[in-house]
Every structure is written in structure tokens, then in C-alpha cells.
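Novice: Need coordinates for the following:
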Amino acid sequence: MAKKILIALDDSENAFRAAEFVAQNFSKDNQVTLLSVMLDTAALCKMDSPELIPLFKSQQTSFCALEDKKRELMREAAKKAKNTLVAAGFPPENVTTKIEDKKRGVARDILAEAEKDYQLIVMGRRGISGVKELFLGSVSQKVFNGAKDISVLIVN
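Specialist: Sure, this is the predicted structure:
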């Protein structure tokens, strides 16, 4: 029986390894969604408030160009991951990509998508130091701890 698999994807090597893992180890009849959650910095590009710090206001165009570049990188990462899955034998119509703006938080947005009848979340492990992870936590840790009634596979 085909399952719905959600792969949390950003433009990191860890996330791409998660897509490769699914490509190599799961049945090709599964439905796969590659989900990227964009941080909400794009809202700053649309702001036109006199209260903005003059330094930011003078650099807003450059900042917004970086935001566009980040979206482009995310689209390229999703395309690369989809191509990997298709090359491994997944039918193209079984692989969906979603790039969404952050609504409540990256981990919470991943979990909200997972509630749409997915059986598995697959994601890469984030490579941050133990001290940073202790204080900040990682998205994979938050998803793992917040997942209810769904399996989470963290690829190293």
C-alpha cells in the first residue's frame, strides 16, 4: 500500500540526504511531498514605514535581492531533490514540491502539513553544536518531539 511521505527540505546537504535516503530505500509507489518553509523575512521587503531604521531603509533593496536569491536556492534544492527521486524510479506525478512562507514556525508548519494524512516525516539532522542545540533547539528536534500519531525519520 502506498504511503504519503513528507520530506522537510531546505537548501542544506543534510536535507538533500533525506531525499536521497527516501529515493534509495522506499517503494517507488509512495506519494512524496518535498516541503520547504521559508522564513518570514520577505515581509520586511514590503514594509514602507517611516519608523524603519534609516540604515535598514537604505539597504532594503539589497536585503530584498537576498530574499529573492534564497527563494531561488530553495526552488533549485526542491528541483534537485525531485530529480533524484524521479531518477530512482518515482513517477514524476508522485513527487510534489511545496515552498511555503512560515506561518507559525518552521517546525510547527511542517507538523501542520504532516497532519494532512501523511504517514512519515523524513528530514535531515541539523549539524549545529551541542551548546547551540541545547539553547535554541533544532527544527528536527522540535518536529520529532511535536509529532503525534506520525513517524519521524531523521537522516544523519
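
Novice: C-alpha from now on. contacts and neighbour counts both.
Specialist: Noted.

Novice: buried stuff in the longest helix seen in the chain?
Specialist: Counting residues, the longest helix found in the chain (DSSP state H) is helix 54-87. Neighbour-count burial for helix 54-87, counted by 16 or more other Cα atoms under 10 Å, picks out 57, 60, 63-64, 67, 71, 74-75, 77-78, 81-86.

Novice: Equivalent analysis for stretch 96-109, please.
Specialist: 97, 99, 101-102, 106-109.

Novice: Residues contacting that stretch from elsewhere in the structure, which ones?
Specialist: Where contact means Cα atoms under 8 Å, 6 or more residues apart in numbering, the residues beyond stretch 96-109 that reach it are 32-40, 74-75, 78, 82, 139-140, 142-143.

Novice: got the CA positions of that stretch in PDB?
Specialist: Extracted in PDB, the C-alpha atoms of stretch 96-109 (Å, rounded to 0.1, in the frame of the first residue of the first chain):
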ATOM      1  CA  THR A  96       5.100  17.200  -5.300                       C
ATOM      2  CA  THR A  97       7.100  20.300  -4.200                       C
ATOM      3  CA  LYS A  98       5.700  22.900  -1.900                       C
ATOM      4  CA  ILE A  99       7.500  26.100  -0.900                       C
ATOM      5  CA  GLU A 100       5.500  28.000   1.700                       C
ATOM      6  CA  ASP A 101       6.100  31.100   3.800                       C
ATOM      7  CA  LYS A 102       6.500  30.500   7.500                       C
ATOM      8  CA  LYS A 103       3.200  30.900   9.300                       C
ATOM      9  CA  ARG A 104       3.600  29.700  12.900                       C
ATOM     10  CA  GLY A 105       7.200  28.500  13.000                       C
ATOM     11  CA  VAL A 106       9.200  26.100  10.700                       C
ATOM     12  CA  ALA A 107       8.700  23.000  12.900                       C
ATOM     13  CA  ARG A 108       5.000  23.800  13.600                       C
ATOM     14  CA  ASP A 109       4.400  24.400   9.900                       C
END
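
Novice: How many neighbouring residues does residue 116 have?
Specialist: 10 (other Cα atoms under 10 Å).
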